[in-house]
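S.K.: Here is the input, now give the coordinates:
(chains A and B)
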Amino acid sequence: MLKSLDRKLLRDLWSLKTQVVSIALVIACGIGGFIGTFSTYGSLLWSRDNYYATARFPHVFATAKRAPNSLAERLRAIPGVVDVETRVVREAQLSIPGVVPPMIARLIGMDFAHPPGMNRVSLRSGRWPAPGARGEVVVNQRFLEARGLKLGDRMNVLLNGKLESVTLVGTALSPEYIFATRGGGMPDDEWFAVLWTDATQLAAAFNMEGAFNSVLLRLSRDASLQAVIEAVDAILEPYGSLGAVGREDQVSHKIISQEINQQRIFGTVLPAIFLLVAAFILNVVLHRQVHAQRGEIAALKALGYDDRWIAWHYLKFASVIVLLGTVLGIALGWWLGIGMTGLYTDLFQFPSFNYRMPGWLVLAGAGAALLAAFGGALAATRGILRLRAAEALRPPAPAEFRALLLERLGYAHLLTPAQRMILRNLERKPVRAATTIAGIAGSVAILISGTFWMDSLEWFIDVQFNQVQRADVNVGFAEPVPRTVRLELARLPGVSEVEVTRAIPVRLRAGHRSYRTGITGVEDDATLQRILDAELREAKPAPGGVLLTSRLAERLKVRPGDTLVAELLEGKRVKAEVHVTGTVREMAGMNAWMRLEDLNRLAREGPVVSGAGLAVERAEETALLERLKQVPAAAVVIVNRTLIDTFRETSARNVIFFTTVLSIFAATIAVGVVYNNARIQLAERAWELASLRVLGFTRREVSVLLLGELALEIALAIPLGFVAGFWLAALLVALMAQEVMEFPLVIFPSTYVYSGGVVVLAGVVSALIVRNRIDNLDLVAVLKTRE
Amino acid sequence: MSAGPVFQARGLTKVYRMGETEIHALRGVDLDIFAGEFIVLLGPSGSGKSTLLNILGGLDTPSTGSVVFKEQDLSRADEAALTRYRREHVGFVFQFYNLIPSLTARENVALVTDIALRPMPAAEALRWVGLGERLDHFPSQLSGGEQQRVAIARAIAKRPDVLLCDEPTGALDYDTGKLVLDVIARINAELGTTAMVITHNAAISAIADRVLRLGDGRVVGEERPARKLTPAEISW
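M.R.: Numbers count the residues shown, from 1 in each chain, chains lettered A, B, ... in the order given. Presented below is the predicted three-dimensional model:
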């Protein structure tokens, strides 16, 4: 049997159903966002760690130019090392019949008869190459799918200047290539293939018999990573080592970890904000509900209900709303989680990637919501506990009104009586007006902070692909070639401009801090490859020194004027001091730039280059690419247009999905805040407005009084919201900044317009609904009641 | 009738603030009320009648002075004790009924029977006041007189020791008002409940055992009507 007080609860909830629903939706957005992102985070983490464990993913990765296989014993002997795998890894140009722009293949030699016990490559379809068979390869699963290939298809690989035909006999997955990329931040499923082939044949093709150029190590649980890395470097130093790294610097791992980290931040910061807003609205609604039901509360007190019971009654009111929002939120979170998992399944190649929503997460979400709600409700109900029953029974003293500030200044005659009423009402309860404005400004801010990511992304793409990197085609040479190659490249079909560069892998040291990157030497008047910051200011390396990306300088804790030690990891492996002549806040990369001549001098080499950027007439592009296939030295050819497309299809897609979801959530909050405010204000002033109608005011005049106040509050809130939104976006950008890339804080005017527009639209819709209720005020009932 | 007084008040004063003004509602009230009596508190507006009733009913506490209900000192009681007192011993009826608009007549009465120690069933209380046919109507579907009678049923459902009524007929028409007074009189006569009714209408005092006149915060007169009339017999 339901107690009477509970029946009252249910009926009160029903009479406020639209407000209840709008608040529940806000809570649902908060909880849904939290559960969705956190569960995705958990699923990613679990999938990754599980895969690493079953595939025995290495802990240390090292490369060298050419080291004898016998070194493996010495590496195995390093304290802490439990397993070592040496192999030959080479990159080569890849072409498929019918596809013109060339692709890159990373060839990995493997002994299929005795596959290594670590870094296990798992066969997904087909078979391993047969022993002795020539030209059989296994390719990474995703490349086959992206290119629409089938087992048995043939491809061409440029092996050391010779074009070789290979046959696809199987597909596989590797923990090293969960995120398949050459080394940039984007997956190139279409343009980058990993090919496993017979170790002996690969070694023979590249004159690497009896030698290796890549080694993987697995460590025991208590091994010291730093000590092992130093030991490996020492052993491989004479053989052209490029430096050993741990998992954090392995590209695929780094990118997954960054993604996981981002999920975690998104899963906590934004839902927290949403829940705070929900608690705020709930607080306001409850406060006013309690105030409006003063008379009823007094009657209950008179009947002998004690304060705690009455307070508990209103807490239950809040709890029902929270519970409703939580249930919706769980469903929403589950749907979001599945959606995001789906996106990640396209991005990451896990053997199995299952979405799991752990029970504790649901409880945590519900708990957080209840906490937020109770916090709000408690504040509201404390008012009851202080109210003496007798006071509640008396009609409240007529509200104190004073002359407006404007009136005291003498400008009152400029206002109509209606306008004066509106302003006096706002001035009388400045706190209430302030909280309303704060709530609306908050929703504008949330809208901005959820939507601006698209602007940031667009800006990033435009700057990186249209302003910084303006070459149409980039060529990379297997070995450094004389600078005069410019002239030969300029003669190729369709080439209108040529710029050459020299890139050398380097370890930069400052004190005890070091970083492994590359120094790139650029021509003085370079226009195809420019060095720009987020505001498009151009920087050039000063003569005699090195120009660093700001993030790199911060990592090494150096400033312009300081000196670094550069250990070149190629050629003569020179160790020399370089001066830091400047820093530039580039959006992507941890780059070190020098003048081409200065770098050649530093490396004690002649005028050589390792790459070139070409501006190519679109019509001649195909001819050029065909021609380039016949240039043996051109090991790597990249058409930049394909990079943009890939970026938009992968990383961009995730951002767009996320931004769209966030925008909808933020819009829900905005509507919730505005609508609730309108309804509450109506409830509080209904008696007053009805009395005015009785006196002869028209419906329109009375609407203006109420909606005019709302409009004024919105008008004041929007500019505040813009400022708050800017700062919130800045905070998020700072939180999301990674080492190799930062999102620029760019907010287009259209985002401001959208955010303000949503709130105004919410205001208009709320006004129409409220207006309808004003028109139907029961005038007769008003005459009979006291207040 | 028991020997000692049900209520004993000595030197009651009450000062409270309303907006910016300070109001001296009671300026020193002494009285004794005995079990089963029907008391009418008479006086013009501002004389302190409601304040006195609220204090006797445990809704408010005096600024100075003492008020004792059957050996319980209400002036020293804390909020929890006053709540218990109201719950177990006092039935209130107000001028503006103060029903919960979202509950039916039966449910409004059930509010009390849910928490009382030895309640009367809600339906029975409503039949007692003649609303047996209107159990499931909402306040908005009842006339003023019917709403007031629901309020009375709510008050008596807990079988209180005292029934305190503040201008119970103030918002009602002549005939309905007499009907409500009749219910109150019957409660006093048949259930033995001590009843105190506030009014500014002198004619009503004819149905009381004792009439206390209040003026300017003090008891200025006390009378016993020669012949106690029934509500049907009075007119104004």
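
S.K.: And the residue nearest to the spatial centre of chain A, how close does it get to chain B?
M.R.: Averaging the C-alpha coordinates of chain A gives a centre point, and the residue nearest to it by Cα atoms, centre = their mean is residue A:262 (5.5 Å). Residue A:262 is 48 Å from chain B, where distance means Cβ to the nearest Cβ, to the nearest Å. In this view, the C-beta of every residue, glycine as well, is placed from N, C-alpha and C.

S.K.: before we move on, what about residue A:347?
M.R.: When distances are taken as Cβ to the nearest Cβ, residue A:347 and chain B turn out to be 53 Å apart.

S.K.: what sits against that residue?
M.R.: With Cβ atoms under 8 Å, 6 or more residues apart in numbering or on different chains as the criterion, the residues that contact residue A:347 are A:179, A:187, A:259, A:650, A:654.

S.K.: now those in a markdown table, with distance to chain B, pLDDT and secondary structure?
M.R.: Putting the contacts of residue A:347 into a markdown table (distance: Cβ to the nearest Cβ, whole Å; pLDDT from 0 to 100; DSSP: H, G, I helix; E, B strand; the rest coil) gives the following:
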| residue | distance to chain B | pLDDT | secondary structure |
| --- | --- | --- | --- |
| A:179 | 59 | 83 | coil |
| A:187 | 59 | 68 | coil |
| A:259 | 51 | 80 | helix |
| A:650 | 56 | 74 | coil |
| A:654 | 49 | 77 | helix |
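
S.K.: Between those, identify the one with the most neighbours.
M.R.: residue A:187 (27 neighbours; other Cβ atoms under 10 Å in any protein chain shown).

S.K.: Next up, the contacts around the residue of the stretch 151-300 of chain A found nearest chain B.
M.R.: Using Cβ to the nearest Cβ, residue A:299 is the residue of the stretch 151-300 of chain A that sits closest to chain B, at 3.8 Å. Taking Cβ under 8 Å, 6+ apart, we find residue A:299 in contact with B:94, B:98, B:99, B:100.

S.K.: Report the buried residues of the strand or helix carrying residue A:456.
M.R.: For residue A:456, the enclosing helix or strand under DSSP states H and E is helix A:430-462. Using 16 or more other Cβ atoms under 10 Å in any protein chain shown as the test for burial, helix A:430-462 gives A:432-433, A:435-437, A:439-457, A:459-460.

S.K.: which residue is nearest the centroid of chain B?
M.R.: Centrality entry for chain B: nearest residue to the mean C-alpha point is residue B:164, 1.3 Å, by Cα atoms, centre = their mean.

S.K.: Find the nearest non-adjacent residue to it, please.
M.R.: What sits nearest to residue B:164 in space, not counting adjacent residues and going by Cβ to Cβ, 6 or more residues apart in numbering or on different chains, is residue B:57, at 4.7 Å.

S.K.: Just the pLDDT for that neighbour.
M.R.: Turning to residue B:57, the model gives it a pLDDT of 88.

S.K.: cool, residue A:665 as well?
M.R.: In this model, residue A:665 is scored at 82, pLDDT.

S.K.: what's it in contact with, if anything?
M.R.: In this structure, residue A:665 makes contact with A:29, A:32, A:33, A:274, A:446, A:450, judged by Cβ under 8 Å, 6+ apart.

S.K.: Name the helix or strand for the residue of the stretch 151-300 of chain A closest to chain B, please.
M.R.: Under the criterion DSSP H and E, the helix or strand holding residue A:299 is helix A:294-303.

S.K.: ok, now residue A:35?
M.R.: Residue A:35 is part of helix A:17-55, with elements assigned from DSSP H and E.

S.K.: roughly how far out does the next helix or strand after that helix sit from the chain middle?
M.R.: Along the chain past helix A:17-55, the next helix or strand (assigned with DSSP H and E) turns out to be strand A:60-68. Using Cα atoms, centre = their mean, to the nearest Å, the distance from the centre of strand A:60-68 to the centre of the chain it belongs to is 34 Å.
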